[in-house]
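[1] let me see the structure of the following:
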Amino acid sequence: MRDIRLLAIAVLVSAGLLTTASVGTAAASGTEGSKGVTEATASAAAAACSVTWGSLPKTGDGTGNRPLTNVRTGRHDCYDRMVLDIRSGSPAGTPAYDVRYVEKFYQDGSGNLIEIGGGAILQIVASAPSYDPDTHQPTYGGKGGKPLPGVNLAGYKTFRDARFGASYEGTTQLGLGVRARLPFRVHPLGDRLVVDVAHSWAAAR
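    A predicted model of the protein is given here:
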């Protein structure tokens, strides 16, 4: 009888050990599985944010000269965005533009150096003056060398500083300080000129 009890205890202990081992194995598998899911998610995010824009100058020959009315910015998963709002109306052509990285930001007309924060400077010039070409009344309140009115870049991944250069000979010049020399693109959309700067060259989130 004693031998039977001992045998039963041994069987239970063995079963307990086997259960514990199984739980441990399952936990280990769960850890590896979670890691795999995390890596897959990160890879998918990087693929979704991949860009081919490059950092060379972007130019466009437009026919519009309607005035600038506002500059606003926004944050996206893969890039930071600046939008130049242009007054709707006639002529309805898209403004000409020249967007490029510069070593230093010099104010058009005066040639004065304007300091801009960040690791690189993107200069934006568009044929959208900050005044009405007919009445010469201001349409946008930017001041030379000053931060852009109403633009707050706190919390942005790429944008660091944004300053008004000048409105000179029918164009507006803006300086955008970014974290580094990163890929960018330009969308001319008639009553808007959109500039996107990627968060990184790989543009992972």
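[2] how is the protein carved up into domains?
    1-48, 58-198 (automatic domain parsing).
[3] rank these by pLDDT, which is bottom?
    Per-stretch mean pLDDT for the domains of the chain is lowest at domain 1-48 (a mean of 45).
[4] run through the residues that contact residue 178.
    The contact partners of residue 178, by Cβ atoms under 8 Å, 6 or more residues apart in numbering, come to 80, 118, 119, 120, 121, 122, 158, 159, 160, 197. Where you see a C-beta, it was placed from the backbone N, CA and C, and this is true even at glycine.
[5] ranking the domains of the chain by burial, who's on top?
    Highest mean neighbour count among the domains of the chain (mean count of other Cβ atoms under 10 Å): domain 58-198, with a mean of 18.
[6] straight-line length of that domain, end to end?
    Distance across domain 58-198, first residue to last, is 15 Å (Cα to Cα, to the nearest Å).
[7] distance from it to the middle of the chain?
    Relative to its chain's centre, domain 58-198 lies at 15 Å (Cα atoms, centre = their mean, to the nearest Å).
[8] correct me if wrong: residue 130 contacts residue 71.
    No - Residue 130 is beyond contact range of residue 71, at 9.6 Å (criterion: Cβ atoms under 8 Å).
[9] intersection of neighbour lists for the two?
    Shared contacts of residue 130 and residue 71 (Cβ under 8 Å, 6+ apart): 140, 142.
[10] now do the contacts for residue 67.
    86, 87, 128, 129, 130, 131, 132, 133, 139, 140.
[11] just the helices in this protein please.
    Assigned by DSSP state H, the helices in the chain fall at 2-48.
[12] relative to residue 50, how far out is the closest residue in space to residue 119 that isn't next to it in sequence?
    In space, and not counting its chain neighbours, residue 119 is closest to residue 180: 4.4 Å by Cβ to Cβ, 6 or more residues apart in numbering. Relative to residue 50, residue 180 is positioned 18 Å away (Cβ to Cβ, to the nearest Å).
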